[in-house]
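Chemist: for reference, the sequence and a predicted model appear below.
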Amino acid sequence: MNGRMSRVWPVMTIIIYIIGSCAKQASPTGGPKDTEPPKVVKSIPLNSTVNFKGKNITITFDEYIVLDKMNEKFMISPPMKVKPTISLRGKSLFVEFQEALKDSTTYTLYFQDAIRDLNEGNPLYNFQFVFSTGKVIDSLSVTGNVVNSYNLEAEKNILILMHSQLADSAPGKMLPDYLTQSDINGGFRLNNIKEGKYRLYALQDNNNNKKYDLADEIFAFMDSVAVVVPEKNYLPVKKIVDTVKTDNKKTAEIPLINGEYKLYLFTSPKKTHYLTSSGRKKPYQLTYTLSLPPDTSKFELNITDSVKKDFFIENNLSGDTITVWLRDSSLYSRQQINTIISYPFTDSAGVLVYRKDTIPMRFTAPRATKGKTVKNPYKYTTNILNNYLKPGQHIIISAETPFRLPDTSRIKLYEIEAKTKKRIQYELTKDSLNSTRYYLNSEFKEGGKYLLVTDSASFGNIYGDKIDSTGISFSVRTRNSFGRLTINVQNGKGDLIVQLLDNKENIVAVRKLKNEGPAEFPMLEKGNYRVRVIYDLNGDGKWTTGDYSLKRQPEPVSYYPGEIEVKIDWEIQQDWDVGIKNVKDQKLKAKTETKKLSI
């Protein structure tokens with residue numbers, strides 16, 4: 001019996017294995033992943049058809065599709081007051097016009113990358129459908145670039161408007177004859193244009209009405225008229241573009257366009273006076289901001305059931321932000337304070353008046369967490385970074401709330417020599433505009449070591465808070481621990497503002513010149529810098545934005561071509577021809593002359 005079972009058992013094992021394998025469920029491999037975008041297999045009418053008289057267009061693809069952000073991405077040029085209705089059924093896309101088409105007009109439907117396949121979401125890039133209600137398809141084109149006027153960075157997804165109506169009022173009142181959007185490189189191409197004269201505009205269309213009718217919309221305009229003729233035509237780019245893979249996603253590799261027309265975006269200056277905001281960040285601090293600094297009319301404030309000595313007012317440098325500090329504890333302990341403010345205001349007729357408003361200012365203390373609430377200790381901060389000061393620099397002492405008069409008998413400054421410390425004199429000065437800031441200065445020596453001691457209660461605020469004892473050790477760096485950069489500006493005309501920027505384009509230092517000459521930047525930290533020049537056409541000492549109502553372009557700027565590396569204890573002398581305006585990221589043309597500093 002045992003022998004018989006030993007012969008049967010292997011056979012039974014094989015049968016059980018086969019049955020188990022047959023019962024096991026598995027997904028089919030399905031072949032390679034689909035990476036191809038949808039393809040058009042037919043359309044009614046055909047793309048580029050003429051004498052179109054219908055009200056519908058049907059476009060059929062080789063696979064099922066979905067639409068991605070169609071309301072944002074789809075455009076029709078010339079634009080229509082009512083957008084066509086777009087729907088899907090099966091593998092077909094349907095376009096239904098909601099208003100009559102113009103006679104003898106070439107229309108272009110721009111889908112950008114809104115059409116994608118259902119399974120993998122592969123986009124069909126730059127898909128356009130063109131037809132004409134006349135006998136011919138207009139075939140001329142216009143190219144250009146749109147950039148930020150202040151930093152010359154390319155701006156994508158900006159609406160490009162082209163008007164055959166040349167009146168100055170056209171972009172604010174009329175729909176354009178043609179439109180498109182700038183690509184990721186700031187380039188644009190308007191195709192299927194009719195021969196003629198046009199004006200070009202660029203717009204960040206905040207209300208999506210294809211018109212420049214909001215004061216805060218970003219805008220650009222050309223001073224000259226664009227003349228579109230066959231002799232100046234630009235052949236359209238191929239509709240098929242390559243893709244590049246970034247972060248596991250495929251994106252279009254858009255060809256760089258160096259267009260004929262350059263548009264420089266700006267936001268118009270504010271011209272109307274009004275109160276933009278008000279708030280009560282702390283129980284004793286009220287803040288009001290105005291759209292513009294007051295002119296001849298002043299900002300005035302009164303508080304119900306209080307007198308002038310119960311508070312004081314400070315303005316920022318530009319004068320458009322007003323901070324009110326409440327002195328009286330019985331006043332700032334209220335949950336709501338009723339303030340009466342008077343300020344310049346532009347009414348609906350555009351007339352500047354003096355307006356009076358009653359504004360309640362509420363402060364609700366945050367709820368305490370479980371357990372005893374610990375009050376944050378009162379502290380001050382200084383500009384001593386990493387325990388160093390620059391040569392010639394004074395100490396800035398700042399706090400969040402207004403200082404009371406410091407007790408200088410409790411403030412001591414020592415010079416450290418070897419293992420001894422010697423007390424030295426200092427001067428403490430209050431900021432004339434800011435009650436939360438003091439300046440401490442002394443005859444600091446290069447390479448010297450110092451100790452600033454502020455004993456308990458030496459500094460305090462007007463609300464009774466005071467500091468604990470604090471000691472700060474610091475040294476004064478020597479000049480040869482920095483680099484030096486001199487930009488020799490050439491071929492400039494008029495007033496120039498030369499700005500030194502860090503590698504994130506934050507302003508490090510500014511120099512002003514007339515026509516040309518050296519712009520010197522001493523005591524720089526090592527690192528890479530950029531240099532920008534502003535052509536200060538109105539001579540007001542700052543960059544001035546554009547104003548379409550005055551037909552004033554923003555003041556032009558230019559960048560030194562490339563970054564400049566600054567090294568410790570080295571001086572860089574660099575010539576720069578600023579004769580050409582609105583230039584950035586050109587190939588470095590001149591060699592940098594570097595020499596050891598002799599200090």
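Modeler: Perfect, thanks for sending it.
Chemist: and the helix or strand hosting T143, what does it pack onto?
Modeler: T143 is part of strand 140-148 when elements are defined by DSSP states H and E. If contacts are counted by 3 or more CB pairs under 8 Å, 6 or more residues apart in numbering; DSSP states H and E, strand 140-148 sits against strand 159-163, strand 187-193, strand 196-203, strand 226-228, strand 261-265. C-beta coordinates here come from the backbone N, C-alpha and C atoms, glycine included.
Chemist: redo those strands as CSV? Include mean neighbour count and mean pLDDT.
Modeler: Listed next are the helices and strands packed on strand 140-148 as CSV, based on neighbours: other CB atoms under 10 Å; pLDDT from 0 to 100:
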stretch, mean neighbour count, mean pLDDT
strand 159-163, 24, 97
strand 187-193, 22, 93
strand 196-203, 22, 97
strand 226-228, 17, 95
strand 261-265, 21, 97
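Chemist: tell me the SS of N480?
Modeler: helix (DSSP: H, G, I helix; E, B strand; the rest coil).
Chemist: thought D569 was touching it, still the case?
Modeler: Yes: with contact defined as CB atoms under 8 Å, N480 reaches D569; the gap is 4.6 Å.
Chemist: please name the bridge partners of the residue nearest to the spatial centre of the chain.
Modeler: Closest to where the C-alpha atoms of the chain average out (CA atoms, centre = their mean) is N148, at 9.6 Å. Taking DSSP bridges, one finds L265 as the beta-bridge partners of N148.
Chemist: retrieve the pLDDT associated with it.
Modeler: N148 is assigned a predicted lDDT (pLDDT) of 97.
Chemist: same check, this time on S598
Modeler: Reported pLDDT for S598: 39.
Chemist: likewise S182?
Modeler: On pLDDT, S182 comes in at 94.
Chemist: tally of neighbours for it?
Modeler: Using other CB atoms under 10 Å, S182 has 24 other residues around it.
Chemist: confirm for me that it is in contact with L200.
Modeler: No: in this structure, S182 is not within contact of L200 by CB under 8 Å, at 11.9 Å.
Chemist: residue ranges of the strands in the stretch 201-350 of the chain, please?
Modeler: Assigned by DSSP state E, counting those that start in this stretch, the strands in the stretch 201-350 of the chain fall at 219-221, 226-228, 243-246, 249-252, 261-265, 275-282, 285-290, 300-303, 311-315, 321-326, 336-346.
Chemist: quick revisit: what do S182 and L200 both touch?
Modeler: Common neighbours of S182 and L200 are listed as I160 (criterion: CB atoms under 8 Å, 6 or more residues apart in numbering).
Chemist: did I read that right, E415 in a helix?
Modeler: No: E415: not assigned to a helix; according to three-state DSSP it is strand.
Chemist: contact partners for it?
Modeler: By CB under 8 Å, 6+ apart, the neighbours of E415 are 421-422, 424, 445, 448-450.
Chemist: 10 Å instead?
Modeler: Under the criterion of CB atoms under 10 Å, 6 or more residues apart in numbering, the neighbours of E415 are 421-424, 442-445, 448-451.
Chemist: repeat for S87
Modeler: Residues near S87 by CB under 10 Å, 6+ apart: 67, 93-96.
Chemist: only the C-alpha atoms, please, for the one helix or strand it maps to, written as PDB.
Modeler: Assigned by DSSP H and E, S87 falls within strand 85-89. C-alpha atoms of strand 85-89 as PDB (Å, rounded to 0.1, in the frame of the first residue of the first chain):
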ATOM      1  CA  THR A  85     -19.500  75.600 -27.500                       C
ATOM      2  CA  ILE A  86     -17.100  72.600 -27.400                       C
ATOM      3  CA  SER A  87     -18.200  69.100 -26.600                       C
ATOM      4  CA  LEU A  88     -17.100  65.400 -27.000                       C
ATOM      5  CA  ARG A  89     -18.900  62.400 -28.200                       C
END
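Chemist: quick one: average confidence on that strand?
Modeler: Mean pLDDT, strand 85-89: 95.
Chemist: tell me which strands it pairs with, and in which orientation.
Modeler: Paired with strand 85-89 in the same sheet, following DSSP bridges, are strand 92-96 (antiparallel).
Chemist: quick one: which of the strands of the stretch 201-350 of the chain is nearest R532?
Modeler: Checking those against R532 by CB to CB gives strand 261-265 as the closest, at 14.6 Å.
Chemist: what is the closest one packed up against?
Modeler: The elements that strand 261-265 packs onto, with contact taken as 3 or more CB pairs under 10 Å, 6 or more residues apart in numbering; DSSP states H and E, are strand 140-148, strand 159-163, strand 187-193, strand 196-203, strand 219-221.
Chemist: what's next to that strand, contact-wise?
Modeler: Against strand 261-265 from outside (CB under 10 Å, 6+ apart): 142-150, 152-153, 155, 158, 160, 162, 182, 186, 188, 190, 200-204, 218-222, 224, 226, 546, 553-557, 582.
Chemist: what are the phi and psi values for Y150?
Modeler: Torsion angles at Y150 (phi, psi; degrees, to the nearest 10) stand at phi -90, psi -40.
Chemist: separation between it and Y261?
Modeler: Distance of Y150 to Y261, computed by CB to CB, to the nearest Å: 19 Å.
Chemist: give me the contact list for stretch 421-430.
Modeler: Contacts to stretch 421-430, defined as CB under 10 Å, 6+ apart, come from residues 394-395, 397, 403, 405-406, 408, 411-416, 437-444, 448-453.
Chemist: can you check the pLDDT for E72?
Modeler: 85.
Chemist: can you pull the contacts of Y343?
Modeler: With the criterion set at CB under 10 Å, 6+ apart, Y343 makes contact with 273-275, 288, 290, 294, 297-301, 322, 354-357.
Chemist: quick one, domains of the protein?
Modeler: Here the domain parsing of the chain from automatic domain parsing is 40-132, 140-265, 275-362, 381-477, 482-596.
Chemist: out of the ones you listed, which gets the lowest mean score?
Modeler: Comparing mean pLDDT across the domains of the chain, the lowest value falls on domain 140-265: a mean of 87.
Chemist: then the strand holding T143 to PDB, C-alphas only?
Modeler: Provided in PDB are the C-alpha atoms of strand 140-148 (Å, rounded to 0.1, in the frame of the first residue of the first chain):
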ATOM      1  CA  LEU A 140       0.600  86.200 -43.600                       C
ATOM      2  CA  SER A 141       2.100  86.100 -40.100                       C
ATOM      3  CA  VAL A 142       3.600  88.400 -37.400                       C
ATOM      4  CA  THR A 143       6.200  87.400 -34.800                       C
ATOM      5  CA  GLY A 144       7.500  89.000 -31.600                       C
ATOM      6  CA  ASN A 145       8.500  88.600 -28.000                       C
ATOM      7  CA  VAL A 146       7.000  89.800 -24.800                       C
ATOM      8  CA  VAL A 147       9.100  90.500 -21.600                       C
ATOM      9  CA  ASN A 148       8.800  92.100 -18.200                       C
END
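Chemist: quick one: the helices in the stretch 301-450 of the chain?
Modeler: Counting by DSSP state H, counting those that start in this stretch, the stretch 301-450 of the chain has helices at residues 329-332.
Chemist: ok, back up a step: buried set for the strand holding T143?
Modeler: Buried residues in strand 140-148, counted by 16 or more other CB atoms under 10 Å: 140-148.
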